[in-house]
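A.B. asks: no sequence for this one, just the structure:
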């Protein structure tokens, strides 16, 4: 049964951090707009934004080594790290604005200070961490970084990892005390509550099944999964912030800009403990170096996580493969995503990434014992009874056309929008959630060029560094860092 079509200004598909951020911004910038949010599951932010599905959050490029590649001459490329760090500063500024205005009353419910540490094993690993530190610390964004290869200092910084290690081991670690842990599930739910309080309609257990062009925007077909009824909604603007579910809806939209895109799903397993003796001896996010052929999202890390006021440790990920695009998706997601316009792209990606396939097959075949052996590299003494395996959320890496190779596998996030600005979606994975504010301001500028000029002043009140470089303005960097640390209770 199909009901009479409703008409709204904005439809946001997916109840995670991207839709929540965009909805909150539009609610403040354009309070007269009618906003509708549709979430397939029975509760918002339980797929990719959930704290246990979105593991290792708080990306600011302080410790993630895949953002700082080293060339054969020892030069560390800081371009990606600087970009992500600036973007995370924008997120902190926007969240601080919302705290100041009572939208987020208790920042401890979603953000907590946790040092970020990079870890290199052996002489080669130590030398890389030291070289990386020496080059990064010259940049004002990373000026607070510290380095040590002294075993006593390492044991002081990370007692669980370094106390009791045998003599003669060589390791290098760098630390930034001002890192954070972010629960994007909690943050998303608070943002969506604010949006709903201001008049938006949020409907869970509602699945968008089709998108069609209309005279003044889009006709969105929605299935009420509980009532088992279908209805249509007319929208002037549609945003798809559905994580791994974004690619199928991009394909349904039929916009030319979406042609050629494919998705490569990667699953993950983590080890988690709530043993407070272990948790109390490791208050940090520690990122190591990736194995050969491992995707960027599979860099091993041992993280402090703060969820619902409780501290945990999380280690992993152990990568795997599933053709599902979402944790609650279908095994047909990958094969049904193949189209005539992306087949060549996907085949070229497969041809050029045999090392990744080998890595994933090895991970799939690994035993529990071998997975614990990876943890031993971080913690010398491990009692398996302290740890539980948990299934992380699905990540769908972007596959897109490339003029040289025919197709590339992109690690990161990519905004795809229609030429007329009436439709946009976000593809990809890390560091998406941490940079959601920057991504959404770029979306506003791209999709709403007529309104953006009138919004810009308000946006700069929300995000004071918008359009400015903190790396090039140390005074502004210091002022805003102090402001956000104070407002978000990170001091």
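C.D. replies: On my side now, so go ahead. Treat the numbers as computed from the prediction; the structure is a model and nothing was measured.
A.B. asks: Where does the residue lying closest to residue 322 once chain neighbours are set aside sit, in terms of helix or strand?
C.D. replies: Residue nearest to residue 322 in three dimensions, not counting chain neighbours: residue 267, with 4.6 Å by CB to CB, 6 or more residues apart in numbering. The C-beta positions use only the backbone N, C-alpha and C, and glycine is treated the same way. According to DSSP states H and E, residue 267 maps onto strand 262-273.
A.B. asks: thinking the residue nearest to residue 322 is in contact with residue 394, fair?
C.D. replies: Yes: checked against CB atoms under 8 Å, the pair residue 267 and residue 394 is within contact range at 5.7 Å.
A.B. asks: And the closest residue to residue 461 other than its chain neighbours, how far from residue 434?
C.D. replies: Distances taken as CB to CB, 6+ apart place residue 97 nearest to residue 461, at 7.1 Å, with adjacent residues excluded. Computed as CB to CB, to the nearest Å, the residue 97 to residue 434 distance reads 17 Å.
A.B. asks: just to revisit the earlier point, anything in contact with each of residue 267 and residue 394?
C.D. replies: Common neighbours of residue 267 and residue 394, using CB atoms under 8 Å, 6 or more residues apart in numbering, are 322, 324.
A.B. asks: Compare these two (neighbour count), which wins?
C.D. replies: Looking at residue 267 and residue 394 with other CB atoms under 10 Å, you find the greater number of neighbours at residue 394, namely 27 against 21.
A.B. asks: Counting neighbours, go ahead and name the busier of residue 97 and residue 434.
C.D. replies: residue 434 (25 against 19).
A.B. asks: Before we go further, the more buried one is sitting in a strand, right?
C.D. replies: No: assessed by DSSP: H, G, I helix; E, B strand; the rest coil, residue 434 does not belong to a strand; its assignment is helix.
A.B. asks: what's the helix or strand encompassing residue 208 in contact with?
C.D. replies: The secondary structure element spanning residue 208 is strand 206-214 (assigned by DSSP H and E). Contacts of strand 206-214 with the rest of the structure, by CB under 8 Å, 6+ apart, involve 11, 13, 38-40, 218-225, 230, 234, 238, 249, 252-254, 423.
A.B. asks: Among those, which are located in helices?
C.D. replies: Among these, the members falling in helices (DSSP state H) are 249, 252, 253.
A.B. asks: pull the helix or strand with minimum mean pLDDT from the protein.
C.D. replies: helix 354-365 (a mean of 72; mean pLDDT, DSSP states H and E).
A.B. asks: for that one, packing partners?
C.D. replies: Packing partners of helix 354-365 (3 or more CB pairs under 8 Å, 6 or more residues apart in numbering; DSSP states H and E): strand 310-320.
A.B. asks: The strand it packs on: what's the following helix or strand?
C.D. replies: Reading on from strand 310-320 to the C-terminus, the next helix or strand found by DSSP H and E is helix 333-336.
A.B. asks: got the angle between the helix or strand that that following helix is followed by and strand 262-273?
C.D. replies: Scanning forward in sequence from helix 333-336 by DSSP H and E, the next helix or strand is helix 343-352. What separates the directions of helix 343-352 and strand 262-273 is an angle of 50 degrees, with axes from the mean of the first three to the mean of the last three CA atoms, to 10 degrees.
A.B. asks: Just the buried subset of the contacts of strand 206-214, written out for PyMOL, thanks.
C.D. replies: Isolation of the buried members of the contacts of strand 206-214 (16 or more other CB atoms under 10 Å) is achieved in PyMOL through the command below:
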select buried, resi 11+13+38+39+40+218+219+220+221+222+223+224+234+238+249+252+253+423
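A.B. asks: Let me know the average pLDDT across stretch 217-234.
C.D. replies: Averaging the model's pLDDT scores along stretch 217-234 yields 97.
A.B. asks: Distance from the chain centre to it, please.
C.D. replies: For stretch 217-234, the separation from the chain centroid amounts to 29 Å (computed by CA atoms, centre = their mean, to the nearest Å).
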